[in-house]
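# I'll drop the sequence and a predicted model, then ask my questions.
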Number of protein chains: 2
Amino acid sequence: MSASESFVDDYLPALLAQAAQLISAEFHAKVEAHGLSGLEWRILATLADSGPLTVGSLAQKSVSKQPTVTRLLDRMEQQGHVERLAYRSDRRITLVQMTPSGKRMMSTLIRAARDHEAAVLAPLGPNRSQTLKDVLRRLIASRLPPDPEPTKQLEHGGG
Amino acid sequence: MSASESFVDDYLPALLAQAAQLISAEFHAKVEAHGLSGLEWRILATLADSGPLTVGSLAQKSVSKQPTVTRLLDRMEQQGHVERLAYRSDRRITLVQMTPSGKRMMSTLIRAARDHEAAVLAPLGPNRSQTLKDVLRRLIASRLPPDPEPTKQLEHGGG
């Protein structure tokens, strides 16, 4: 840290939070025009092209609390965007997946999100953009607790 | 994006939010042991070694809403951690700065924060850690609106 910099200008969690907040806020304005909150967008985006997820995994990936996700899922299930199903080998485990109509609704928004992301990353160029994402994925993996959930098995288990 | 990756695993805002959340949550547990909320920590850390800041600038740097910051500042002013002062050439502008006792309280926490950050960054090595911070600072600068505030002048204005 140089002498002229303040602590938070060189503190990784502060830089991450500020970058995340600035970039997300820009796109959330577009999302709200489609009648979704920023958090609803994050939940639907997480589900959009994944397989069925547990609520816990969905909460972690969408950076939100599990009870909040459960409450929003109730609303989104009523609207027909998502559906719940029981995990095939243990029916006590509930999984969530998007409905076909939910997927259609999201395809427009995800295209807009990719365009916005491309505009954000353009000044960095393709190499530094890729490095940034790789480093972030590595950081996330290093801080996550080992996954106790059966989604991996489910993904490989076929029909 | 490879075919096996889901959208959010390659979407920059999602990666930033997840990394920020995971890393901050770990340190907030330590901060709470000192009687501060995560947001109070972010506000105090922002002020800790900066000059006086406007409430707007403090809200942006601590990633929070201005009315929330104002409310927490009232509490932290009563506790003697911060004080408000009028900007010298325009007394309608209020600036916030830490008191000496607030700075003493923060020095222990900032040392702990630097230790935690070093542990988080250790697996990346010094070069990639520096690159990550540089890229984040560049991203933040590219998304910030031009600064309409007089803090720059104040910093160079002397006593």
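Looks like it came in fine. Being a predicted model, the structure only gives us computed values, none of them experimental.
# so where's the longest strand in chain A?
Ranked by residue count under DSSP state E, the longest strand found in chain A is strand A:90-98.
# residues of it that come out buried?
For strand A:90-98, the neighbour count (16 or more other C-beta atoms under 10 Å in any protein chain shown) marks A:I93, A:L95, A:V96, A:M98 as buried. C-beta coordinates here come from the backbone N, C-alpha and C atoms, glycine included.
# just stretch A:39-54 next, same as before
A:39-50, A:52-54.
# Which residue in those residues has the weakest pLDDT?
Lowest pLDDT among those: A:D49, with 76.
# right, and it touches B:Y11 too?
No - shown here, A:D49 and B:Y11 do not form a contact pair, counting by C-beta atoms under 8 Å, at 10.7 Å.
# residue ranges for the strands of chain A, please.
A:53-54, A:82-87, A:90-98.
# Show me what the first one packs onto, helices and strands only.
Meaning strand A:53-54. strand A:90-98 (3 or more C-beta pairs under 8 Å, 6 or more residues apart in numbering or on different chains; DSSP states H and E).
# Is the strand it packs on positioned near chain B?
No - counting by C-beta under 8 Å from any C-beta of the partner chain, chain B is not contacted by strand A:90-98; separation bottoms out at 11.6 Å.
# State the pair within the buried residues of strand A:90-98 that is farthest apart.
A:I93 and A:M98 (18.2 Å; C-beta to C-beta).
# Tell me where the model's unsure across chain A.
Applying pLDDT under 70 to chain A flags the ranges A:1-4, A:147-159.
# can you give me the helices in it?
Using DSSP state H, the helices found in chain A span residues A:12-32, A:38-48, A:55-61, A:66-78, A:100-121, A:125-143, A:151-156.
# For the fifth one, which outside residues touch it?
Under the criterion C-beta atoms under 8 Å, 6 or more residues apart in numbering or on different chains, residues A:23, A:26-27, A:30-31, A:34, A:36, A:41, A:44-45, A:47-49, A:76, A:80-82, A:98, A:129, A:132, B:7, B:11-13, B:139, B:142-143 lie in contact with helix A:100-121.
# Give me the contacts around stretch A:123-135.
A:L121, B:D10, B:L12, B:L15, B:L124, B:R128, B:T131, B:L132, B:V135, B:R138, B:L139, B:S142.
# re earlier: I'd like to know which of the helices of chain A is closest to B:A59.
helix A:12-32 (10.7 Å).
# touching chain B at all, that closest one?
Yes - counting by C-beta under 8 Å from any C-beta, chain B is contacted by helix A:12-32 at A:12-24, A:26-27.
# So which elements touch the longest strand of chain A?
Against strand A:90-98 (3+ C-beta pairs under 8 Å, 6+ apart) you get helix A:38-48, strand A:53-54, helix A:55-61, strand A:82-87.
# Could you say which one of the ones you listed comes nearest to B:S62?
Of the helices and strands packed on strand A:90-98, nearest to B:S62 by C-beta to C-beta is helix A:38-48, at 18.7 Å.
# Pull the contacting residues for A:K61.
A:T46, A:L53, B:V8, B:A14, B:Q18 are the contacts of A:K61 under C-beta under 8 Å, 6+ apart.
# now those residues as a markdown table including distance to A:V63?
Formatted as a markdown table, the entries for the contacts of A:K61 read as follows, by distance: C-beta to C-beta, whole Å:
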| residue | distance to A:V63 |
| --- | --- |
| A:T46 | 9 |
| A:L53 | 14 |
| B:V8 | 10 |
| B:A14 | 8 |
| B:Q18 | 6 |
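# which ones are touching A:S6?
Contacts of A:S6 by C-beta under 8 Å, 6+ apart are B:T46, B:A48, B:D49, B:S50.
# Deepest-packed of the helices of chain A, please.
Mean neighbours per residue, mean count of other C-beta atoms under 10 Å in any protein chain shown, is largest over the helices of chain A for helix A:38-48, with a mean of 23.
# And for that helix, what's in contact with it?
For helix A:38-48, contacts defined as C-beta under 8 Å, 6+ apart pick out A:24, A:27-28, A:31-32, A:36, A:53, A:58, A:61-64, A:68-69, A:72-73, A:76, A:81-82, A:96-98, A:102-103, A:105-106, A:109-110, A:113, B:6-8, B:11, B:14, B:17.
# What is the neighbour count of A:L124?
The tally of other residues near A:L124 (other C-beta atoms under 10 Å in any protein chain shown) stands at 17.
# Distance of it relative to A:E5?
21 Å (C-beta to C-beta, to the nearest Å).
# what's the burial count for A:V63?
22.
# Hmm, it is touching B:A19, no?
No - between A:V63 and B:A19 there is no contact under C-beta under 8 Å: 9.7 Å.
# residue contacts, A:A33?
With C-beta under 8 Å, 6+ apart, A:A33 has no contacts at all.
# wait, A:F27
A:W41, A:A112, A:A113, A:H116, B:P13.
# what does A:Q21 give?
B:V63.
# what's the answer for A:A14, then?
A:V8, B:R42, B:A45, B:T46, B:K61, B:V63.
# rerun that using 10 Å as the cut-off
A:6-8, B:20, B:24, B:42, B:45-46, B:61-63, B:113, B:117, B:136, B:140 (C-beta atoms under 10 Å, 6 or more residues apart in numbering or on different chains).
# Lovely, talk soon.
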